[in-house]
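Participant: with the input below, show me the fold.
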Amino acid sequence: MTSAFVMAAVVVAGFGLQFAMGRSTLAAPPLVHLHAIVFMGWVAIYVAQNWLAATGHLEGHKTLGWVASVWAIAMVVLGILVTVLMVRRGGAPFFFQPAYFLVMNPASILTFAALTGAAIVNRRRTAWHKRLHFCGMAVLLGPAIGRLLPMPLLIPHAGEWVFAVLILFPFAGMLADRRRQGRVHRAWFYGLGAITAMMVAINLVTFSPVGAALYEVVTAGAPGAAVDPYAFPLPPPMG
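Facilitator: The predicted structure is shown next:
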């Protein structure tokens, strides 16, 4: 349960810091606000599920689990829609190439969905269930981690740095297994493998003809079409 609170704290710290520094405002399209509410809702669900399981409230855990499965579907849809909206508007973060951002976000949310789906399928195998959910939640930490790192200083490898920090969470779980049980559960290797495959796929697709074609299709007729998909955008003006 402690790990769930740590993950929630990372999310709150990442987004809270940006808001406190004036880098995030409420002046965003309604779809972005809905996306934020739903994704923060998942953090609350994840913490609640860990608490329910740890305190023996298994019926509540099961009931909320079915709500969570529908919630995750909404997250996939909203995650992709918001990414498309931002890229079409030419609004990718300046520390990511627009084509990279377009591939990275959907790949991340689909990896989260795959790990979460695997956890649901293995809901009767508690050891697998909780570890796969943990890995899925770790994937969602990417945006919060990026808001805590000095991303402008990490160009052109900002994405790789986020990945490097993100995988520390599954590694911490593996170390905890080793310390408590004397061995590492196999579920960690599947979760870590999925996260690593995600990162490799993001780079392979982005810098391939598929990535270029995808960007062209998504931005057709929008301001984003005039943006070089492989050039880092200019940072926002200071002050």
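
Participant: what's the single longest helix in the chain?
Facilitator: Ranked by residue count and defined by DSSP state H, the top helix of the chain is helix 58-88.

Participant: same for the helix or strand just after it, what does it pack against?
Facilitator: Downstream of helix 58-88, the next assigned helix or strand under DSSP states H and E is helix 98-121. Contacts defined by 3 or more C-beta pairs under 8 Å, 6 or more residues apart in numbering; DSSP states H and E place helix 98-121 against helix 58-88, helix 126-140, helix 186-206, helix 209-219. Bear in mind the C-beta positions are built from the backbone N, C-alpha and C, glycine included.

Participant: can you show me the CA trace of helix 98-121 as CSV?
Facilitator: This file holds the C-alpha atoms of helix 98-121, laid out as CSV (Å, rounded to 0.1, in the frame of the first residue of the first chain):
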residue,chain,number,x,y,z
PRO,A,98,6.1,16.6,-32.3
ALA,A,99,6.3,13.2,-34.1
TYR,A,100,7.8,11.7,-31.0
PHE,A,101,5.1,13.2,-28.8
LEU,A,102,2.4,11.9,-31.1
VAL,A,103,3.7,8.3,-30.9
MET,A,104,4.8,8.4,-27.3
ASN,A,105,1.5,9.3,-25.6
PRO,A,106,-0.7,6.7,-27.3
ALA,A,107,2.0,4.1,-26.9
SER,A,108,2.2,4.8,-23.2
ILE,A,109,-1.5,4.7,-22.7
LEU,A,110,-1.9,1.5,-24.7
THR,A,111,0.9,-0.1,-22.7
PHE,A,112,-0.9,0.9,-19.5
ALA,A,113,-4.1,-0.6,-20.9
ALA,A,114,-2.3,-3.9,-21.8
LEU,A,115,-0.8,-4.2,-18.4
THR,A,116,-4.1,-3.3,-16.7
GLY,A,117,-6.0,-5.8,-18.8
ALA,A,118,-3.5,-8.5,-18.0
ALA,A,119,-3.9,-7.7,-14.3
ILE,A,120,-7.7,-8.0,-14.6
VAL,A,121,-7.4,-11.3,-16.4
